[in-house]
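**Student:** Quick one, structure for this:
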Amino acid sequence: SEARKRTGEIDQAILDAPNIKKAERTAAGRTLWNQLQEQIHEFVREITAQQDAQEIYRDLGAKEATGGLVDAHVNGRGRPFDQDAVSKRHIHDVKFQMVYVLKGWSRAEFEGHGEHMMVAGSCWIQPAGIKHTVLEYSDDLEVLEIIIPGTYDTYNVEDIPVGHPAHEGSK
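**Tutor:** As a prediction, this is how the structure comes out:
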């Protein structure tokens with residue numbers, strides 16, 4: 001990375017410093033210190049961006065405890081909302097899904113029920129197989145989800161298999 005390249009240049013300048021007069025070393029030292037500070041700030045920004053890009057997922061052990069019958073987890077976005085990546089109409093092939101907002105907020109549209117804004121403390125039972133679209137959410141969104149069965153599929157509406165009850169041609 002550019003930060004590593006600059007760090008190598010700074011290291012070489014430090015090695016060359018004994019051959020420079022004291023006044024020049026002092027000026028060079030200030031310049032090196034300023035460059036080093038900038039490199040540290042750049043490194044911190046890179047690490048922070050990497051951490052911000054991470055989704056939060058904490059498995060609460062329900063799948064293991066129930067032999068796969070139930071999944072319980074805390075799910076957080078940990079990054080800014082990206083409409084192109086997230087706002088796809090979809091279904092979850094589940095029998096039961098409960099969502100409780102622990103932190104932040106989320107706005108979604110549910111087929112036949114319209115748009116809903118959920119904030120910290122909101123809880124809802126999402127009907128099995130309901131078509132829905134996540135419209136937006138806060139960067140700090142964290143939800144507790146309890147889902148039956150513990151392992152399930154999620155389909156974008158255009159990819160719902162023929163024969164599935166939610167497939168348009170299956171009705």
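
**Student:** List the neighbouring strands of the helix or strand harbouring residue 100 plus their orientation.
**Tutor:** Using DSSP states H and E, residue 100 falls within strand 96-103. Strand pairing for strand 96-103, using DSSP bridges, gives strand 123-125 (antiparallel), strand 142-148 (antiparallel).

**Student:** Could you look up the SS state of residue 91?
**Tutor:** What DSSP: H, G, I helix; E, B strand; the rest coil gives for residue 91 is strand.

**Student:** can you map out the helices along this structure?
**Tutor:** Using DSSP state H, the helices of the chain run over residues 2-16, 22-52, 62-65, 83-86.

**Student:** returning to that earlier point: could you look over the strands paired with strand 96-103 and pick the most buried one?
**Tutor:** Across the strands paired with strand 96-103, averaging neighbours per residue (mean count of other CB atoms under 10 Å) puts strand 142-148 on top, at a mean of 18. C-beta: built from backbone N, CA, C; applies to glycine.

**Student:** Could I get the CA-only coordinates of it as PDB?
**Tutor:** As requested, the backbone C-alpha atoms of strand 142-148 are provided in PDB (Å, rounded to 0.1, in the frame of the first residue of the first chain):
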ATOM      1  CA  GLU A 142     -28.600  -4.200  15.300                       C
ATOM      2  CA  VAL A 143     -31.500  -6.700  15.400                       C
ATOM      3  CA  LEU A 144     -32.200  -9.900  17.300                       C
ATOM      4  CA  GLU A 145     -33.700 -12.500  15.000                       C
ATOM      5  CA  ILE A 146     -35.300 -15.800  16.000                       C
ATOM      6  CA  ILE A 147     -36.100 -18.000  13.000                       C
ATOM      7  CA  ILE A 148     -37.700 -21.400  12.500                       C
END
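
**Student:** what about it, average pLDDT?
**Tutor:** Average pLDDT, strand 142-148: 93.

**Student:** in the protein, which helix or strand is least confident?
**Tutor:** When the helices and strands of the chain are compared on mean pLDDT, DSSP states H and E, helix 2-16 comes out lowest with a mean of 52.

**Student:** low-scoring stretches of this structure, by residue?
**Tutor:** Low-confidence segments of the chain, defined by pLDDT under 70, are located at 1-37, 39-55, 78, 169-171.
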